[in-house]
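**Q** what shape does this take:
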Amino acid sequence: MNDVFKALADPTRREILRELRGGQRSAGELAELFPLTKSTLSGHFAVLRAADLVQTEKRGTTVLYRLNTTVFQDVLTNLLGLFGEPEAAPDPKEARP
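**A** Now for the predicted structure:
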């Protein structure tokens, strides 16, 4: 989970994820959208892959990226669990004999 939050902390990585909402994109297509060097963008992709937020597929010399929606569902479930209903404290009157 820490890898996911680390990945989401960076605005460039969040923008990459936004772009992937529309479907898979090649690394080259994504690179055209950002004024970054290839090595910097590659580093962002590595962080996203480490967090399992994106999946990759290699077709010849092209690398395709797509969202891993399963991880997003897990993250949302965990976050909602943090802010869900607290368990009710036992009623002290019921504890008396």
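
**Q** need the contact partners of the lowest-mean-pLDDT helix or strand in the chain.
**A** Taking mean pLDDT, DSSP states H and E as the measure, the chain has helix 69-82 as its least confident helix or strand, at a mean of 81. Residues from elsewhere that reach helix 69-82 (CB atoms under 8 Å, 6 or more residues apart in numbering): 1, 4, 51-53. Quick note: C-beta positions are derived from backbone N, CA and C, even for glycine.

**Q** how far off centre is that helix?
**A** Taking CA atoms, centre = their mean, to the nearest Å, one finds helix 69-82 lying 10 Å from the centre of the chain it belongs to.

**Q** ok, stretch 17-24 next?
**A** 12 Å.

**Q** buried set for that stretch?
**A** By neighbour count on 16 or more other CB atoms under 10 Å, the buried set for stretch 17-24 is 17, 19-20.

**Q** okay if I get these as JSON lines plus pLDDT, secondary structure and distance to Leu80?
**A** As requested, these are arranged in JSON lines below (pLDDT from 0 to 100; DSSP: H, G, I helix; E, B strand; the rest coil; distance: CB to CB, whole Å):
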{"residue": "Leu17", "pLDDT": "94", "secondary structure": "helix", "distance to Leu80": "19"}
{"residue": "Glu19", "pLDDT": "95", "secondary structure": "helix", "distance to Leu80": "26"}
{"residue": "Leu20", "pLDDT": "95", "secondary structure": "helix", "distance to Leu80": "23"}
